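S.K.: Sequence and predicted structure below; questions after.
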Amino acid sequence: MMDGLEVKAAADGDTASTDDRTARSGDAGATHVASPADGRTGRRQPIPLEPYLFAEPPAQPLVSLRVERHGAVVRVTLLGPGKGNTLGADFWRELPQVFTALDADDTVRAVVLTGSGSHFCYGLDLALLAELGDIAGDGDGGLARFRTGFLHRLRSMQDALDLVAYSRKAVVAAVSGWCVGGGVDLLAACDVRYASAEALFSIREVKVGAVADLGSLQRLPAIIGDGHLRELALTGRDIDAARAERIGLVNDVLPDPAGALAAAHAFADEVAANPPLVVQGVKDVLGNARFAAVEAGLRYVGAWNAAFLHSHDLAEAVTAFRQRRPPRFTGR
């Protein structure tokens with residue numbers, strides 16, 4: 001769950017900020033439906049379906065995402081907080097709302113996912129990371145109640161990305177700039193990925209004392225293969241767009257961000273012209289072969305991090321980031 005710290009430190013002095021408002025339960029008139037993944041995961045978490053999502057102006061404006069219609073294709077743009085579109089509390093509240101609404105809308109045939117500004121995503125917001133670390137219960141010696149609270153919070157975040165991965169609509173990503181940590185988790189949940197030539201990718205969690213727990217380790221073996229995944233996840237190194245294309249992390253590399261976005265929309269338009277039920281069937285059949293392994297892996301890493309994430313090395317990673325120095329890990 002930890003990611004992106006080193007990128008944020010180097011990114012023109014960007015600072016992390018999170019809107020700590022609690023998740024809204026939805027308007028009184030909102031319809032509640034189950035997540036598309038509910039029947040498979042066994043985690044029934046009603047998500048407010050907002051039929052007014054595309055109203056002009058929206059009845060409940062989004063903070064972390066911008067949703068725009070382009071005919072039968074909808075573009076969803078990450079908005080922050082910060083220039084690197086970090087994944088803060090608003091994102092984890094709004095992503096399920098948006099993708100549940102998109103999944104339920106039969107006029108939507110495909111979804112384009114991209115980032116605002118120069119970067120796709122730096123990963124989790126630092127303030128949210130600190131909040132999640134506190135759940136582990138420093139003051140109580142890491143007792144089970146706090147670890148259980150962390151696990152439930154983590155599983156709700158995993159469920160949010162499941163809504164992208166198991167959407168009935170084709171989801172294509174257009175990436176420019178940095179795509180780090182949680183950004184790679186989000187990317188792995190998409191069906192197809194395009195990148196601009198300057199894009200950079202990193203499964204960064206190992207460098208900040210954590211096991212990636214939002215889907216990269218579970219979904220990327222089918223995308224880039226086990227060997228490439230182990231190399232990236234065990235080192236936390238950065239790779240450029242050319243390497244990402246060679247290993248299959250992205251389908252194609254375009255000269256610039258505009259080209260990557262255009263390629264994503266061209267793919268989405270082509271999919272949208274096909275019979276929608278057949279597109280849904282293709283996604284369901286392809287997903288069925290992988291679902292059990294992904295779900296088991298997500299549950300296992302959730303239990304692992306609930307037990308072992310809260311460590312001296314994790315605290316050292318956060319302290320070193322704040323002090324702008326290399327961390328000194330001791331295996332404690």
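M.R.: Cool, got the structure.

S.K.: Please spell out which residues along stretch 264-281 are buried.
M.R.: Under the neighbour-count criterion of 16 or more other Cβ atoms under 10 Å, stretch 264-281 has Ala264, His265, Phe267, Ala268, Asp269, Val271, Ala272, Pro276, Val279, Gln280 buried. Any C-beta I mention is one placed from the backbone N, CA and C, and that applies to glycine too.

S.K.: Could you report the neighbour count for the closest residue to Ala307 other than its chain neighbours?
M.R.: Counting by Cβ to Cβ, 6 or more residues apart in numbering, Ala307 lies nearest to Arg147, which is 6.8 Å off, once chain neighbours are set aside. Arg147 is flanked by 21 other residues according to other Cβ atoms under 10 Å.

S.K.: Which elements pack onto the host helix or strand of Arg147?
M.R.: Assigned by DSSP states H and E, Arg147 belongs to helix 144-165. Using 3 or more Cβ pairs under 8 Å, 6 or more residues apart in numbering; DSSP states H and E, the elements in contact with helix 144-165 are helix 89-104, helix 126-135, helix 182-188, helix 276-308.

S.K.: Following the longest one in sequence, what is the next regular element?
M.R.: Counting by DSSP H and E, the next helix or strand C-terminal to helix 276-308 is helix 312-322.

S.K.: can you dump the C-alpha coordinates of that next one into CSV?
M.R.: Provided in CSV are the C-alpha atoms of helix 312-322 (Å, rounded to 0.1, in the frame of the first residue of the first chain):
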residue,chain,number,x,y,z
HIS,A,312,10.3,-0.2,12.2
ASP,A,313,11.3,-0.3,8.5
LEU,A,314,8.0,1.3,7.5
ALA,A,315,8.4,4.0,10.1
GLU,A,316,12.0,4.6,8.8
ALA,A,317,10.8,4.9,5.2
VAL,A,318,8.3,7.6,6.1
THR,A,319,10.8,9.4,8.4
ALA,A,320,13.5,9.3,5.7
PHE,A,321,11.1,10.7,3.1
ARG,A,322,10.2,13.6,5.3
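
S.K.: Tell me the secondary structure of the residue nearest to Val76 when sequence neighbours are not counted, please.
M.R.: Closest residue to Val76 apart from its sequence neighbours, by Cβ to Cβ, 6+ apart: Leu113 at 5.2 Å. Assigned with DSSP: H, G, I helix; E, B strand; the rest coil, Leu113 falls in the strand class.

S.K.: wait, what's in contact with Leu113?
M.R.: Applying Cβ atoms under 8 Å, 6 or more residues apart in numbering, one finds that Leu113 lies in contact with Arg75, Val76, Thr77, Leu78, Val164, Val171, Val172, Ala173, Ala174, Leu186, Cys190.

S.K.: Report the beta-bridge partner residues of it.
M.R.: Leu113 has the following beta-bridge partners by DSSP bridges: Val76, Ala173.
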